[in-house]
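In: Attaching a predicted model along with its sequence, questions to come.
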Amino acid sequence: MALRMAALGLLLMVAACAKVYRNHGYVPDDTELAKVEVGVDTRDTVATKIGRPSAQGLLNDLGWFYVQSRFEHYGPKEPTEIERQVVAINFSENGTVQNIGRYGLEDGRVIELSRRVTETNIKGVSLIGQLLGNVGRIQAGDLVRN
């Protein structure tokens, strides 16, 4: 009985450490993209043929971006992106398709869009040090208004 319990425990530990793959997003395949004609199709016809994207150009709406990623989860480690595809459809000023591009993870680079970390201007002083540093600075005359 103890041997079976040990074997079951070992099996559960091995199964818990198995790699798990997750896909996020949608990218049209080559047969769907072949339906889109450069210089002919507009935003509406592209949306009808392959659907609307998950991301669009922020400043001038001249580009649609379809993004798909594949992540590998392994035990307690942070997930790793192992594959990424981006299909970019650029539109001209009059709204027709100007260019279609397909990019992979190897074509990309990490950029910092915004940094949301507040830098402290107090170096080497703990909270307790700050609180105790104020003792003796306050005088009774400072608390009384004239």
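Out: Right, received. Where do you want to start? Numbering: from 1, shown residues only.

In: What is the burial count for the residue nearest to Leu33 when sequence neighbours are not counted?
Out: Distance criterion Cβ to Cβ, 6 or more residues apart in numbering; nearest residue to Leu33, sequence neighbours excluded, is Ile100 at 6.1 Å. For the C-beta atoms, the positions are set from N, CA and C on the backbone; glycine is no exception. Other residues within reach of Ile100, judged by other Cβ atoms under 10 Å, total 18.

In: Specify the beta-bridge partners of Ile100.
Out: With DSSP bridges as the criterion, Ile100 is bridged to Ile89.

In: I figured it was touching Ala88, is that so?
Out: Yes. At 7.4 Å, Ile100 counts as touching Ala88 under the criterion of Cβ atoms under 8 Å.

In: So Thr48, which state does it fall into?
Out: Using DSSP: H, G, I helix; E, B strand; the rest coil, the structure places Thr48 in helix.

In: so how far is Ile138 from it?
Out: Shown here: Thr48 relative to Ile138, a distance of 71 Å by Cβ to Cβ, to the nearest Å.

In: more neighbours, the two?
Out: Set Thr48 next to Ile138 and count neighbours by other Cβ under 10 Å: Thr48 wins out with 12 against 9.
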